[in-house]
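*Asks:* no sequence for this one, just the structure:
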């Protein structure tokens, strides 16, 4: 690599040439010949090879000493032209100053190919007794392998350093582990994501960050890694140091050593908690929209159906009335008419409930919820008394709300009916009325009515469906429209409804809370009516 | 009590008239605006029960014309769509105060309402 001149012990006193024959003693020749370094002797100002050992022949990529001996250096190694060695040797010959080179690059023609090789070498002047320079001793050791190995090592160090820097500056958490699941690296983002510092995790098992209920995933992952497979964008949950759970997307790849054997895995973890939440909110909004659309569509259908059905219902109602009052019906016929009347009344109720927008007065006015509740309880007193239902009421003084009295009454009636029907073998009906805020928007003040029953409760599975039209758990007497109508009527009052229910034995029951705001924005038509009324 | 029942659905009008007659009330039916106005002239109703949505002149307009001619006549609107109907909403917005009956109405309920009307309608 570097060429340098330095003082080496003078060879002046070394007796290579015992006499003028300039030939070293045989023993010395043998020693040189077998030396592990390349040794050669150049003589005269033409620098002609006098002697080369077999190592010199070998490292030069030649085959026989005859390719050197008797030839000048320029003749024997023409490929060195332009590499500066001829000049160096001539300089040593002329000045007598030795030259020492370390890891010097030499392009040699080895078996027809020009190859780069590296040598540590010494060029040393050979002098006669009178000090006159007669030749140059060349002694070199090839260090190509060592130099290249070090270069490769340096290169790898640089690459490794670069990779380490990349890994450390990545926004993704990057962790590696061996096949036993022991953590072997932990980057800065991993520190941020999981809350552990690198030194806290190195040497520990990866289950450190795997929730106990997801330990099986690790076996699956390691199994795939052992087979050389990747795990791509695996969405799961991991544990932070503080015990909180984070949703992550993992990409895990096998890590191989230079021999291609799988020795572990690298894991890239991305925090997707936020993405998941966004997706969840989107899904919920879509769900809500679908529900609203479904309600609107069902409402429209019900309204148009109701209109078409109400006319024939009117005729039939009247006709049955006339039949009932027709003289000469025998008791059996009378019985049939009664059945028809009862069933017709049920049908009318369904249609009316689905239409549900009937109002005797179109203008909203102040409604006292507590008074409305008492009126409804009065209506239901027969049912509760007969049904063995104990009723408790807790009424706190509350300002009236703006509302359509019939609709408020219908909401209360429907909820009371549900509660009573939930307790066919009796129970406890608890009713409270109090000033409150809307739990969906605490800036909205209003009156909250809670109706709680000790009935069998609503199974969790069907809880999300209870506001759907025609959804009923009481097919024999329910219309499946009660809560749907309640929901629609509350929506028109800009109110809210919340249902808590438990079907657990011993703790079962349902509590429905509704909130009427003190004021709401009437719809377009209603604004017109309000302003005209004012 | 003279009751004029107006409904383009003939069965609805006819059965209602029969229900009223069965209770000893005098009633007659009309199936469209023109015949309703003609019947009103000859029959001189004290009570009108009128459908709202009819082809041609709607029930509210018919009732307004009858009311202009017979101011003491008591008017009920009768509709399967009740308050959701735009005609009804507009009418109430203009200050109409006639009671709106929802179809179908139980005959007993209607008879009770008629019985409760003030004396001046009972002519």
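*Replies:* Nice, thanks for sending it over. Remember, it's a predicted structure, so these values are computed and weren't measured experimentally.
*Asks:* For the helix or strand hosting residue A:449, name the packing helices and strands.
*Replies:* Residue A:449 belongs to strand A:445-453 when assigned by DSSP states H and E. Using 3 or more Cβ pairs under 8 Å, 6 or more residues apart in numbering or on different chains; DSSP states H and E as the contact test, the elements touching strand A:445-453 are helix A:369-386, helix A:405-421, strand A:427-437, strand A:509-517. Placement of C-beta: from N, CA and C, glycine included.
*Asks:* Flag the shaky bits of chain B, pLDDT-wise.
*Replies:* Low-confidence segments of chain B (pLDDT under 70): B:81-86, B:89, B:119-123.
*Asks:* where do the strands sit along it?
*Replies:* Taking DSSP state E, the strands of chain B run over residues B:2-6, B:26-30, B:47-51, B:74-79, B:99-102.
*Asks:* Need the ones you listed in a markdown table (columns: distance to chain A and mean neighbour count).
*Replies:* Shown next, in a markdown table, are the strands of chain B (distance: least, Cβ to the nearest Cβ, whole Å; neighbours: other Cβ atoms under 10 Å in any protein chain shown):
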| stretch | distance to chain A | mean neighbour count |
| --- | --- | --- |
| strand B:2-6 | 11 | 25 |
| strand B:26-30 | 12 | 20 |
| strand B:47-51 | 8 | 26 |
| strand B:74-79 | 8 | 23 |
| strand B:99-102 | 5 | 19 |
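*Asks:* Residue A:393 is nearest to which of the ones you listed?
*Replies:* Nearest to residue A:393 among these is strand B:99-102; the distance by Cβ to Cβ comes to 31.0 Å.
*Asks:* Okay, now the sheet partners of that closest one, with direction.
*Replies:* strand B:74-79 (parallel) (DSSP bridges).
*Asks:* list the buried ones in the longest strand along chain A?
*Replies:* Counting by DSSP E, the longest strand found in chain A is strand A:113-127. By neighbour count on 16 or more other Cβ atoms under 10 Å in any protein chain shown, the buried set for strand A:113-127 is A:117-127.
*Asks:* For residue A:240, give its distance to chain B.
*Replies:* Distance, residue A:240 to chain B, by Cβ to the nearest Cβ, to the nearest Å: 55 Å.
*Asks:* Looking at that residue now. What's its pLDDT?
*Replies:* Predicted confidence (pLDDT) for residue A:240: 93.
*Asks:* Tell me the spacing between residue A:269 and chain B.
*Replies:* The value you get for residue A:269 to chain B, if Cβ to the nearest Cβ is used, is 56 Å.
*Asks:* Provide the secondary structure category for that residue.
*Replies:* strand (DSSP: H, G, I helix; E, B strand; the rest coil).
*Asks:* if we can go back for a sec, what about the helices and strands packed on strand A:445-453, which gets the closest to chain B?
*Replies:* Distance to chain B, taken as Cβ to the nearest Cβ, is lowest for helix A:405-421 among the helices and strands packed on strand A:445-453, at 9.4 Å.
*Asks:* between the closest one and strand A:509-517, how many degrees?
*Replies:* 170 degrees (axes from the mean of the first three to the mean of the last three Cα atoms, to 10 degrees).
*Asks:* mean confidence score for helix A:405-421?
*Replies:* 84.
*Asks:* ok, and does that helix reach over to chain B?
*Replies:* No - Helix A:405-421 stays clear of chain B (Cβ under 8 Å from any Cβ of the partner chain), getting no nearer than 9.4 Å.
*Asks:* what helices or strands is that helix leaning on?
*Replies:* strand A:365-367, helix A:369-386, strand A:427-437, strand A:445-453, helix A:482-492, strand A:509-517.
*Asks:* I'd like those written out as TSV, with mean pLDDT added.
*Replies:* Below are these laid out as TSV (pLDDT from 0 to 100):
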stretch	mean pLDDT
strand A:365-367	87
helix A:369-386	83
strand A:427-437	94
strand A:445-453	95
helix A:482-492	82
strand A:509-517	94
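*Asks:* Reformat the ones you listed as TSV; add mean neighbour count and distance to residue A:181.
*Replies:* Output for those, formatted as TSV (neighbours: other Cβ atoms under 10 Å in any protein chain shown; distance: least, Cβ to Cβ, whole Å):
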stretch	mean neighbour count	distance to residue A:181
strand A:365-367	14	66
helix A:369-386	16	62
strand A:427-437	19	52
strand A:445-453	22	52
helix A:482-492	22	52
strand A:509-517	22	48
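*Asks:* and these as a markdown table, adding distance to residue B:101?
*Replies:* Formatted as a markdown table, those follow (distance: least, Cβ to Cβ, whole Å):
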| stretch | distance to residue B:101 |
| --- | --- |
| strand A:365-367 | 21 |
| helix A:369-386 | 21 |
| strand A:427-437 | 32 |
| strand A:445-453 | 30 |
| helix A:482-492 | 20 |
| strand A:509-517 | 27 |
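*Asks:* Out of those, which gets nearest to residue A:180?
*Replies:* Using Cβ to Cβ, the helices and strands packed on helix A:405-421 put strand A:509-517 closest to residue A:180, at 53.0 Å.
*Asks:* Can you give the distance of the closest one from its chain's centre?
*Replies:* In this view, strand A:509-517 has its centroid 38 Å away from the chain centroid, taken as Cα atoms, centre = their mean, to the nearest Å.
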